[in-house]
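Asks: Generate a structure from the sequence data that follows.
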Amino acid sequence: MKKLFLIAICAATFVACQNKTSEGETATTDTTSTETPVIAEADAPKVQVERAIYEFGEIKQGEKVNYEFKFKNVGKTPLIITNATATCGCTVPEYPSAPVKPGEEGVIKVVFDSTGKLGLQDKVVTITSNANPAFEQLHLVGDVKEK
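Replies: Got it, this is the predicted structure:
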């Protein structure tokens, strides 16, 4: 009896979740308006990073490293950066929220906090954007020594 009741509830839920426009006709949703437009590779934004690896040398544990990675949009359409993530919470990237127009330059600021870190470090920042080819990964590399 419990199984029959459970099946009836599942069936009612399934039927209620379907969008109906008229008798027997299921609605379709047009997703083309919310999708990111596909840009031909020749017209896509292209990124030229001035320096993708910053070697900060030796620092003492607890010190912070600040660096600005400079880049230029050498493509034909605006570059839109949607996210920047680091390999751990000790590294915080800050990226431009406004589109970077063709020919313009931009900066991604990165702060690495060495508190609790020792030895050789390679902190990687991954950028998500509409660039084609993809934005290369940025690296902060150095050695953290004990206080």
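
Asks: Just the pLDDT for residue 30.
Replies: Note on residue 30: pLDDT of 44.

Asks: can you pull out the strands in the chain?
Replies: Taking DSSP state E as the criterion, the chain contains strands spanning 20-22, 25-26, 47-49, 53-60, 64-73, 81-86, 91-94, 105-113, 119-129, 138-145.

Asks: Turn the ones you listed into CSV, including mean pLDDT, mean neighbour count and distance to residue 41.
Replies: Backbone N, C-alpha and C define where each C-beta goes, glycine included. Below are those laid out as CSV (pLDDT from 0 to 100; neighbours: other CB atoms under 10 Å; distance: least, CB to CB, whole Å):
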stretch, mean pLDDT, mean neighbour count, distance to residue 41
strand 20-22, 43, 9, 39
strand 25-26, 44, 9, 37
strand 47-49, 96, 16, 14
strand 53-60, 97, 13, 26
strand 64-73, 98, 17, 15
strand 81-86, 97, 16, 19
strand 91-94, 97, 16, 26
strand 105-113, 98, 17, 21
strand 119-129, 97, 16, 15
strand 138-145, 97, 18, 23
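
Asks: hey, C-alpha coordinates of stretch 105-123 in PDB?
Replies: The C-alpha trace of stretch 105-123 is given here as PDB (Å, rounded to 0.1, in the frame of the first residue of the first chain):
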ATOM      1  CA  GLU A 105      45.500  47.100 -21.400                       C
ATOM      2  CA  GLY A 106      44.300  45.700 -18.100                       C
ATOM      3  CA  VAL A 107      45.700  44.500 -14.800                       C
ATOM      4  CA  ILE A 108      45.100  41.500 -12.600                       C
ATOM      5  CA  LYS A 109      46.200  42.200  -9.000                       C
ATOM      6  CA  VAL A 110      47.300  39.200  -7.000                       C
ATOM      7  CA  VAL A 111      48.100  39.000  -3.200                       C
ATOM      8  CA  PHE A 112      49.800  36.000  -1.800                       C
ATOM      9  CA  ASP A 113      49.800  35.600   2.000                       C
ATOM     10  CA  SER A 114      52.600  33.400   3.200                       C
ATOM     11  CA  THR A 115      51.200  32.800   6.700                       C
ATOM     12  CA  GLY A 116      51.400  29.100   7.400                       C
ATOM     13  CA  LYS A 117      53.500  28.300   4.300                       C
ATOM     14  CA  LEU A 118      57.100  27.100   4.100                       C
ATOM     15  CA  GLY A 119      59.400  26.100   1.300                       C
ATOM     16  CA  LEU A 120      59.000  26.500  -2.500                       C
ATOM     17  CA  GLN A 121      55.700  27.900  -3.500                       C
ATOM     18  CA  ASP A 122      54.000  28.000  -6.900                       C
ATOM     19  CA  LYS A 123      50.600  29.700  -6.700                       C
END
